[in-house]
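Undergrad: Would you be able to build a 3D model of this:
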Amino acid sequence: MNLNKITQQFLLKIPNLTNKKIAVGYSAGADSTALLHILSQKSHHLKFSLEAVFFSHTGSPINEGEDKNLELAKDMCQSLNVKLTHIELNLVKTAKQSWEQLGRKGRLKFYSESDFDLVFLGHHQDDQNETTMMQIMRGGGRGASGMKPIDGIFCRPFLKVPKKEIYAYLEEKNVPWIEDPTNTNIEFTRNFWRNVGLPTIQTHYENQDIGQLLENFREKNNQLNQIAYDMALVDGLKDFLEGKAINVSELPNYRIQNLLTFSFSTLGNSLETNKTDNLLKIGKSNKESEIAIGNHTLYYNGETLCLIKPQKIIKHRP
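TA: Numbers count the residues shown, from 1 in each chain. As a prediction, the model looks like this:
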């Protein structure tokens, strides 16, 4: 694969790149190094400003070896004439979130509060495969389709590129990188799939490309997700999100759950199925029931379903 060509084609699909402020999430690992190296060359021709952002995950196992990575990041950015911003995330472990989740949350918070127009990330096909397997073990659903090439301000041009192609590019260009020492720690679920799970599956299916099989699965799963979203629209998704009471008395529970899943995904809240199962159970017995999800309240009486938004008085509550 030609990473330069793949990145160029990806960039050309984004309108009005001129004068855009673009960040690369840069760890000095192979993926982000290749991405930064290519984008630094494209920035002059396409006239966008480029900045590298390096995160230190202080207080967590993710922090292992990051000082060494930071030094290489400084040298690389100096050689490429790219500004480097160093962000320290002071992570504190919680019972409900893993170190990986905490790190991701911290990084997303920084980007959401920044003035970057776009953020480029070096996720590749192997990352997609790991994400798919992790999501399947959590119950599947939309998450099993993996990451999107463009998701809001986040851009991932390498999603269909196998990791080996990234290594090949760096070796050909003689560009230095550092292998993340935590990548071999299989206490992290992603690393288990990277080092044990997926290689074992590939060995069993020796005559087939597991990466391509999972890519085919993601495409089919995306189609099913689109059908589910279209059904949610039919069942009143837009009115529901506006805080209107909708009649769901004729809908089976799986259609209501589907409607709720897309609703709270839109609002940025995860949906706890056990909570909504209990809500529907009470409502089906013709009793009023309410549950809090994030900053919203969900009301159901067996006939009508209503989303009560924060700091908003619904005088016409059914």
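
Undergrad: in the chain, which spans are helices?
TA: For the chain, the helices defined by DSSP state H cover 3-12, 30-46, 66-80, 99-113, 125-137, 163-173, 189-192, 198-204, 210-234, 237-241, 253-266, 273-284.

Undergrad: Among those helices, which comes closest to I87?
TA: helix 99-113 (5.6 Å; Cβ to Cβ). Where you see a C-beta, it was placed from the backbone N, CA and C, and this is true even at glycine.

Undergrad: so what does that closest one touch, helix or strand wise?
TA: strand 49-58, strand 83-90 (3 or more Cβ pairs under 8 Å, 6 or more residues apart in numbering; DSSP states H and E).

Undergrad: Same list, the helices of the chain, but as JSON lines with distance to G294, mean pLDDT and mean neighbour count please.
TA: Shown next, in JSON lines, are the helices of the chain (distance: least, Cβ to Cβ, whole Å; pLDDT from 0 to 100; neighbours: other Cβ atoms under 10 Å):
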{"stretch": "helix 3-12", "distance to G294": "33", "mean pLDDT": "95", "mean neighbour count": "16"}
{"stretch": "helix 30-46", "distance to G294": "32", "mean pLDDT": "95", "mean neighbour count": "20"}
{"stretch": "helix 66-80", "distance to G294": "32", "mean pLDDT": "94", "mean neighbour count": "17"}
{"stretch": "helix 99-113", "distance to G294": "15", "mean pLDDT": "88", "mean neighbour count": "15"}
{"stretch": "helix 125-137", "distance to G294": "21", "mean pLDDT": "93", "mean neighbour count": "20"}
{"stretch": "helix 163-173", "distance to G294": "36", "mean pLDDT": "96", "mean neighbour count": "15"}
{"stretch": "helix 189-192", "distance to G294": "25", "mean pLDDT": "90", "mean neighbour count": "17"}
{"stretch": "helix 198-204", "distance to G294": "34", "mean pLDDT": "94", "mean neighbour count": "13"}
{"stretch": "helix 210-234", "distance to G294": "18", "mean pLDDT": "94", "mean neighbour count": "15"}
{"stretch": "helix 237-241", "distance to G294": "13", "mean pLDDT": "93", "mean neighbour count": "16"}
{"stretch": "helix 253-266", "distance to G294": "7", "mean pLDDT": "88", "mean neighbour count": "18"}
{"stretch": "helix 273-284", "distance to G294": "11", "mean pLDDT": "73", "mean neighbour count": "15"}
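
Undergrad: Could you dump those helices into CSV with distance to A23 added?
TA: CSV is the format used below for those (distance: least, Cβ to Cβ, whole Å):
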stretch, distance to A23
helix 3-12, 15
helix 30-46, 10
helix 66-80, 12
helix 99-113, 7
helix 125-137, 19
helix 163-173, 19
helix 189-192, 23
helix 198-204, 30
helix 210-234, 26
helix 237-241, 31
helix 253-266, 25
helix 273-284, 35
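
Undergrad: of all those, which lies closest to H57?
TA: helix 99-113 (5.0 Å).

Undergrad: export that closest one as CSV, just CAs?
TA: Only the C-alpha atoms of helix 99-113 are listed here, as CSV (Å, rounded to 0.1, in the frame of the first residue of the first chain):
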residue,chain,number,x,y,z
TRP,A,99,-6.9,3.2,32.7
GLU,A,100,-7.5,3.0,29.0
GLN,A,101,-10.9,4.6,29.3
LEU,A,102,-9.6,7.3,31.7
GLY,A,103,-6.8,8.1,29.2
ARG,A,104,-9.2,8.3,26.3
LYS,A,105,-11.6,10.5,28.3
GLY,A,106,-8.8,12.9,29.2
ARG,A,107,-7.6,13.2,25.6
LEU,A,108,-11.2,13.8,24.3
LYS,A,109,-11.7,16.5,26.9
PHE,A,110,-8.6,18.3,25.8
TYR,A,111,-9.6,18.1,22.1
SER,A,112,-13.2,19.2,22.8
GLU,A,113,-11.9,22.3,24.6
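
Undergrad: That helix to strand 83-90, inter-axis angle?
TA: 130 degrees (axes from the mean of the first three to the mean of the last three Cα atoms, to 10 degrees).

Undergrad: Just want the angle from helix 99-113 to strand 49-58.
TA: Orientation note: helix 99-113 sits at an angle of 140 degrees relative to strand 49-58 (the same axes, to 10 degrees).

Undergrad: okay, how far is it across stretch 281-295, tip to tip?
TA: Using Cα to Cα, to the nearest Å, the end-to-end distance of stretch 281-295 comes out at 22 Å.

Undergrad: again with stretch 172-187
TA: 33 Å.

Undergrad: centre of the chain versus it, how much separation?
TA: How far stretch 172-187 lies from its chain's middle: 21 Å, per Cα atoms, centre = their mean, to the nearest Å.

Undergrad: buried sites along that stretch?
TA: Residues of stretch 172-187 classed as buried by neighbour count (16 or more other Cβ atoms under 10 Å): V175, W177, I178, D180, T182.
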